[in-house]
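J.: Just to be clear, the model below is a prediction. Sequence and coordinates:
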Amino acid sequence: MRDNETLESTRNVVIDAIAQNMNLYGITPSAGRLYGLLFYSDKPLTLDEMKEELGMSKTSMSNSVRSLLDLNMVEKVWVKGERKDLYTIKEDWYQCFFDFFTIKWRTAIATNSSAMEKSITKLQELISDPNTSEETRENAEMDIQKLEERLDYYEWQNRLFDTFESKEILNFVPIEKKNNKEG
């Protein structure tokens, strides 16, 4: 019995750490706990099973699953004879990192780039307006320069994410599995 308590205790420590760290990335702690539960589960789970295990409301559970699905961290699986949806984590943590990282960052880049490109257009109109003061024109030119430098940075980030999606990054930072020792 004590062995089982130790096993559960160590699992809870890891699940709590996962939940806390996922919160840093904008994922709710409850979704992090759900991910931890699925990580340790030896079989896919239904929403009802997850709800019962974690004591979460149906709405919270549904939102957590949707968040993890959107980030490609869990997947819906089919099991013969089972009518309810079943979920499990994606086992390839490297691919999960690539997906999570690129999804989050590409969204931020797209939002920021769009705002900056619109601003550059407006600033160029301001500069070309004969009624614009010299001081405002100079400030607008400096703003355009700053925004264009940031857009160059975003373009570099997009190229970096391309290497994640193509897995070309692994040519530079190969996966080294040190815990798969034969013995």
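T.: Nice, I can see it.

J.: any weak-confidence spans in this protein?
T.: Low-confidence segments of the chain (pLDDT under 70): 1, 180-183.

J.: Please, where are all the helices along it?
T.: Under the criterion DSSP state H, the chain contains helices at 2-24, 29-40, 47-54, 58-70, 93-128, 134-166.

J.: Export these to JSON lines and append columns for distance to L86 and mean neighbour count.
T.: C-beta here means a position set from N, CA and C on the backbone, and glycine is covered the same way. Rendered in JSON lines, the data for those read as follows (distance: least, C-beta to C-beta, whole Å; neighbours: other C-beta atoms under 10 Å):
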{"stretch": "helix 2-24", "distance to L86": "20", "mean neighbour count": "12"}
{"stretch": "helix 29-40", "distance to L86": "10", "mean neighbour count": "21"}
{"stretch": "helix 47-54", "distance to L86": "9", "mean neighbour count": "16"}
{"stretch": "helix 58-70", "distance to L86": "11", "mean neighbour count": "16"}
{"stretch": "helix 93-128", "distance to L86": "19", "mean neighbour count": "14"}
{"stretch": "helix 134-166", "distance to L86": "28", "mean neighbour count": "13"}
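
J.: I'd like to know which of the ones you listed is closest to N179.
T.: helix 93-128 (12.3 Å; C-beta to C-beta).

J.: To G81, which of the helices of the chain lies closest?
T.: Per C-beta to C-beta, nearest to G81 of the helices of the chain: helix 47-54, 15.7 Å.

J.: what helices or strands is the closest one leaning on?
T.: In terms of contacts (3 or more C-beta pairs under 8 Å, 6 or more residues apart in numbering; DSSP states H and E), helix 47-54 is packed against helix 29-40, helix 58-70.

J.: Next, format those helices as CSV and append distance to T6.
T.: Output for the helices and strands packed on helix 47-54, formatted as CSV (distance: least, C-beta to C-beta, whole Å):
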stretch, distance to T6
helix 29-40, 14
helix 58-70, 28
